[in-house]
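In: With the sequence up front, the predicted model follows.
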Amino acid sequence: MDHHQSSPEVTLHHEPGGKEVVQKIIRTTVILSVITLIELGLGLGMYLMPSLSSALVLFIKGAIVILSLLKAFYIVGVFMHLGEEIKNLIMTIIVPLLLFVWFIAAFLLDGSSWRNLRNTNGKSRTEQVNQSKPVPKEAPAAQH
């Protein structure tokens with residue numbers, strides 16, 4: 001068996017230089033730059049227009065998070081060469097990462113809920129509003 005042959009599951013794409021490598025670097029730079037410029041444009045738009053509705057601001061922030069995740073996955077795929085690996089290795093890395101992000105989101109939501117309940121002494125906001133309304137006093141009885 002030839003020691004320079006690799007199994008089909010192992011990829012060795014680390015040959016030095018070449019036209020393809022330069023094109024890949026340029027393509028990666030352009031893609032990451034365009035996504036970054038879109039993110040910056042969305043952020044600048046939110047900053048320059050403070051009168052945007054809260055729903056639109058939430059949508060823009062969600063779009064920025066999605067674009068950031070897209071960039072992160074692209075960076076992992078290109079610079080860590082995961083795009084060239086077998087599917088099981090990719091899933092071994094991506095699934096725990098997604099679970100980790102989900103855990104962070106769940107803990108933040110749970111902590112926020114706990115803080116809100118603690119600040120209201122365990123009562124819902126509607127119970128607080130109803131409880132804080134003054135009770136009308138009865139008119140004093142007429143004396144004879």
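Out: Perfect, thanks for sending it. Residues are numbered from 1 along each chain as shown.

In: contacting residues around residue 38?
Out: Neighbouring residues of residue 38 by C-beta atoms under 8 Å, 6 or more residues apart in numbering: residue 67. Bear in mind the C-beta positions are built from the backbone N, C-alpha and C, glycine included.

In: For it, grab phi and psi.
Out: Backbone geometry at residue 38, expressed as degrees, to the nearest 10, gives phi -60, psi -40.

In: Show me the strands in this protein, by range?
Out: Secondary structure of the chain (DSSP state E): no strands present.

In: Go through it and flag its longest helix.
Out: Counting by DSSP state H, the longest helix found in the chain is helix 87-119.

In: So for that one, what gets flagged as buried?
Out: Within helix 87-119, no residue is scored as buried using 16 or more other C-beta atoms under 10 Å.

In: what does stretch 54-66 give?
Out: residue 64.

In: Identify all contacting residues around it.
Out: By C-beta under 8 Å, 6+ apart, stretch 54-66 touches 39, 42-43, 45-46, 52.

In: try it again with 10 Å
Out: Residues from elsewhere that reach stretch 54-66 (C-beta atoms under 10 Å, 6 or more residues apart in numbering): 38-40, 42-43, 45-46, 49-50, 52-53.

In: Scan those and report the most crowded one.
Out: Ranked by neighbour count (other C-beta atoms under 10 Å), those have residue 39 at the top, with 18 neighbours.

In: Pull the contacting residues for that residue.
Out: Contacts of residue 39 by C-beta under 10 Å, 6+ apart are 63-68, 70-71.

In: Output those residues as JSON lines; include the columns pLDDT and distance to residue 102.
Out: Formatted as JSON lines, the contacts of residue 39 follow (pLDDT from 0 to 100; distance: C-beta to C-beta, whole Å):
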{"residue": "63", "pLDDT": "94", "distance to residue 102": "20"}
{"residue": "64", "pLDDT": "94", "distance to residue 102": "19"}
{"residue": "65", "pLDDT": "91", "distance to residue 102": "14"}
{"residue": "66", "pLDDT": "91", "distance to residue 102": "15"}
{"residue": "67", "pLDDT": "94", "distance to residue 102": "19"}
{"residue": "68", "pLDDT": "92", "distance to residue 102": "16"}
{"residue": "70", "pLDDT": "88", "distance to residue 102": "17"}
{"residue": "71", "pLDDT": "91", "distance to residue 102": "19"}
